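A.B. asks: Predicted model follows, preceded by the sequence.
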Amino acid sequence: ELKVEQNPLFLSMQEGKNYTIYCNYSTTSDRLYWYRQDPGKSLESLFVLLSNGAVKQEGRLMASLDTKARLSTLHITAAVHDLSATYFCAVDYSGGSQGNLIFGKGTKLSVKP
Amino acid sequence: EPEVTQTPSHQVTQMGQEVILRCVPISNHLYFYWYRQILGQKVEFLVSFYNNEISEKSEIFDDQFSVERPDGSNFTLKIRSTKLEDSAMYFCASTFREKSYGYTFGSGTRLTVV
């Protein structure tokens, strides 16, 4: 059974600081997704990582994927308050006949002035 | 930008009642999904649907659940006899092709069973 673990689950940051969220998964997969969720809202797609060594950046967020280590990271640079949200990684379950996503528990990020 | 539309946004129902949650996927998408998120918890896969049939379902998707694409645009999730533990946010998602480059999620239906 595929397991996806994120850490930390809660992260309180000061504005301007850098931090990294980690996403480990337990079995082979070559597709990993990062989503942002604001309270009571839907899942907004941030990054789709399709291959080993993939790195994508959008604004203050950068995501990477190491399929050999079964690890993805979401790096936050110079955090601002607007980044406060819950961030989920999700792994495409290659064991299924068709992609379904197994989500981590999420990292609740709070950026304080 | 194309959206996945879900209705209603919030539904309150009595335990034992049937509910139907509705979704309109993006028009050229071929694969459809339902996920749920119990308050404060992670998002869980329920079912995937392609070519008018279920492709895969999770352990959560028991005989109380069913899905249908009745008219080529809507994609529905029916819960026959709701339980308190069915209270959750239900998200519909769609994608253009299998294991595609991304899944688009709808805004969700918050189901409250009382």
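C.D. replies: Good, I have the coordinates. This structure is a prediction, so every number in the text was calculated from the model and none was measured.

A.B. asks: ok, the one residue sitting closest to the centre of chain B - contacts?
C.D. replies: If you average the C-alpha coordinates of chain B and look for the closest C-alpha using CA atoms, centre = their mean, you land on residue B:34, 3.2 Å from that point. Applying CB atoms under 8 Å, 6 or more residues apart in numbering or on different chains, we find residue B:34 in contact with B:21, B:23, B:46-47, B:67, B:77, B:90-93. Placement of C-beta: from N, CA and C, glycine included.

A.B. asks: Which residue is the nearest non-sequential neighbour of it?
C.D. replies: Here the nearest residue to residue B:34 in space, its sequence neighbours aside, is residue B:46; by CB to CB, 6 or more residues apart in numbering or on different chains that works out to 4.3 Å.

A.B. asks: ok, now residue B:28?
C.D. replies: Setting aside the residues directly before and after it, residue B:28 is nearest to residue B:96 in space (CB to CB, 6+ apart), at 6.4 Å.

A.B. asks: Count the residues that sit near the residue nearest to residue B:34.
C.D. replies: By the other CB atoms under 10 Å in any protein chain shown criterion, the neighbourhood of residue B:46 contains 22 residues.

A.B. asks: How far off centre is stretch B:3-10?
C.D. replies: What separates the centre of stretch B:3-10 from the centre of its chain is 10 Å, taken as CA atoms, centre = their mean, to the nearest Å.

A.B. asks: in it, what's buried?
C.D. replies: Applying a neighbour-count criterion of 16 or more other CB atoms under 10 Å in any protein chain shown, the buried positions in stretch B:3-10 are B:4, B:6.

A.B. asks: do stretch B:87-98 as well
C.D. replies: With the criterion 16+ other CB under 10 Å, stretch B:87-98 contains buried residues B:87-95.

A.B. asks: what mean pLDDT does stretch A:85-100 have?
C.D. replies: Taken as a whole, stretch A:85-100 carries a mean pLDDT of 76.

A.B. asks: what does the helix or strand bottoming out on mean pLDDT in chain A contact?
C.D. replies: Ranked by mean pLDDT, DSSP states H and E, the helix or strand of chain A with the weakest confidence is strand A:101-103, at a mean of 90. By CB under 8 Å, 6+ apart, the residues outside strand A:101-103 that reach it are A:2-4, A:25, A:33, A:88-93, B:35, B:42-45, B:103.

A.B. asks: Can I have the buried ones of those as a PyMOL selection?
C.D. replies: Buried members of the contacts of strand A:101-103, defined by 16+ other CB under 10 Å, are picked up in PyMOL with:
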select buried, (chain A and resi 2+4+25+33+88+89+90+91+92+93) or (chain B and resi 35+42+43+44+45+103)
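
A.B. asks: In strands, which of the contacts of strand A:101-103 appear?
C.D. replies: Under the assignment DSSP state E, the contacts of strand A:101-103 contribute A:4, A:25, A:33, A:88-92, B:35, B:43-45 to strands.

A.B. asks: Model confidence for the residue nearest to the centre of chain B, exactly?
C.D. replies: Turning to residue B:34, the model gives it a pLDDT of 96.
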